[in-house]
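**Student:** Give me coordinates for this.
(one chain, ligands or ions: 2)
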Amino acid sequence: MQTTTIDKREDTDTRDTLERLEREFAADSPFAQPLTGRAVVQARGLTRTYGKGDAAVHALTGVDIDIAAGRLTAIMGPSGSGKSTLMHILAGLDEPTGGTVWIDGAEITRLKEKKLTQLRRDKVGFIFQSFNLLATLSADENIVLPLSLARRQADEAWRRAVIEAVGLQDRLTHRPAELSGGQQQRVAVARALITRPAVLFADEPTGNLDSRTGGEVLDLLRRSVDEFGQTVIMVTHDVGAASIADRVVFLKDGRIVLDRARMTRDAIYDTIKNLETPAAKPVARVAVEV
Ligand code: ADP
Ligand code: MG
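**Tutor:** Residues are numbered from 1 along each chain as shown. Ligands and ions are numbered 1, 2, ... in the order given. The predicted structure is shown next:
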């Protein structure tokens, strides 16, 4: 069973990082991107049932969601609420039992495997809790791997900008085993950004990191949104991580129970605690413009 990180007593480093982020990326910040309002990912009527008959698990029971371009959206909810299932379906890694998903206007739930693989390669970036780097490749080779697989050349200026953004200039020839967890996750972020994906999905990106290096990775994700206009969808148990998001979507029992624009850590903490209490009444869904 997964544990939930809802401890309010984060260390000073994390709090400082988060407070700085809150200041730097306030809506009136010179770095803030104008809102485009365009939905990069859309889903309607998503259901996902695992197994059959008495053993059936209804992991998603009817999810509608629009993810606006150039925003950081956090998906939270108790363990087993359907977060990973939703992320995998939105990213085209799993098929829903019912419902429809569009990425960048293309209906992915109709695509055959070959076209879907191509679309994922061109439009989607991933960051996983466990980094998922190739052990035999250097940091640099890992970063450009999605391009190598697509037989595409790296745009040199973009490659340099990404490597500089993740601060790995002097670690490029190192293999993953020679890098700290935080550095490995920064390689993974660079690898996800290198193709300039329409959307970047992150599943518990700070789950294997201590709070300081986790804070660095969050800083990076936030900057990818504010400086590069990247669209990011992040599944997280971490209240601090969700508090840097522009929008926080809460799942419970396979459906969205709360959908809010930027929330403070205290508000997120209280909401999660409420959702994890078995007797808690579902919170009314509040629609927000983001
Ligand atoms: P979360 O990421 O929020 O913890 P998941 O999406 O992993 O939740 O799981 C949602 C529900 O679906 C849980 O009850 C889980 O046990 C179930 N589930 C997830 N994957 C499978 C699977 N491959 N086979 C059967 N049940 C699954
Ligand atoms: Mg999960």
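
**Student:** how close does the residue in the stretch 51-200 of the chain positioned nearest to ligand 2 get to residue 274?
**Tutor:** Scanning the stretch 51-200 of the chain for proximity to ligand 2 using Cβ to the ion identifies residue 84 as nearest, at 3.2 Å. Yep, even glycine has a C-beta here, placed from its N, CA and C like the rest. Remark: distance between residue 84 and residue 274 (Cβ to Cβ, to the nearest Å) = 22 Å.

**Student:** how far away is the residue minimising distance to the centre of the chain from residue 99?
**Tutor:** What sits nearest the mean C-alpha location of the chain, by Cα atoms, centre = their mean, is residue 234, with 2.2 Å. With distances defined as Cβ to Cβ, the gap from residue 234 to residue 99 amounts to 22 Å.

**Student:** Next: residue 135.
**Tutor:** 37 Å.

**Student:** ok, the two, which is more surrounded?
**Tutor:** residue 99 (18 against 8; other Cβ atoms under 10 Å).

**Student:** quick check, that one in a strand?
**Tutor:** Yes - with DSSP: H, G, I helix; E, B strand; the rest coil as the criterion, residue 99 is assigned to a strand.

**Student:** Report the contact partners of it.
**Tutor:** Counting by Cβ atoms under 8 Å, 6 or more residues apart in numbering, residue 99 touches 43-47, 62-63, 109.

**Student:** now do 7 Å
**Tutor:** Residue 99 sits next to 43-47 when contact means Cβ atoms under 7 Å, 6 or more residues apart in numbering.

**Student:** Do you know the pLDDT at it?
**Tutor:** Predicted confidence (pLDDT) for residue 99: 97.

**Student:** just to revisit the earlier point, could you tell me the per-residue confidence at the residue of the stretch 51-200 of the chain closest to ligand 2?
**Tutor:** We have a pLDDT of 93 for residue 84.

**Student:** Report the distance from whichever helix or strand residue 219 is part of to the chain centre.
**Tutor:** Counting by DSSP states H and E, the element that carries residue 219 is helix 211-228. In terms of Cα atoms, centre = their mean, to the nearest Å, the centre of helix 211-228 is set 11 Å apart from its chain centre.

**Student:** per-residue confidence averaged over that helix?
**Tutor:** For helix 211-228, the per-residue pLDDT values average out at 91.

**Student:** Which strands and helices lie in contact with that helix?
**Tutor:** In terms of contact count using 3 or more Cβ pairs under 7 Å, 6 or more residues apart in numbering; DSSP states H and E, helix 211-228 is assigned the packing partners helix 12-24, strand 72-76, helix 156-166, helix 181-193, strand 232-235.

**Student:** And those: which comes nearest residue 255?
**Tutor:** The minimum distance between residue 255 and these falls on strand 72-76, with 12.4 Å, by Cβ to Cβ.

**Student:** can you give me the angle that closest one makes with helix 211-228?
**Tutor:** Between the axis of strand 72-76 and that of helix 211-228 there is an angle of 140 degrees, by axes from the mean of the first three to the mean of the last three Cα atoms, to 10 degrees.

**Student:** Report whether strand 72-76 contacts ligand 2.
**Tutor:** No - under the criterion of Cβ under 5 Å from the ion, strand 72-76 makes no contact with ligand 2; the nearest approach is 9.6 Å.

**Student:** Show me what that strand is packed up against.
**Tutor:** Strand 72-76 makes packing contacts with helix 83-90, helix 211-228, strand 232-235, helix 239-242, strand 247-252 when contacts are defined by 3+ Cβ pairs under 7 Å, 6+ apart.

**Student:** let's see it at 6 Å
**Tutor:** strand 232-235, strand 247-252 (3 or more Cβ pairs under 6 Å, 6 or more residues apart in numbering; DSSP states H and E).
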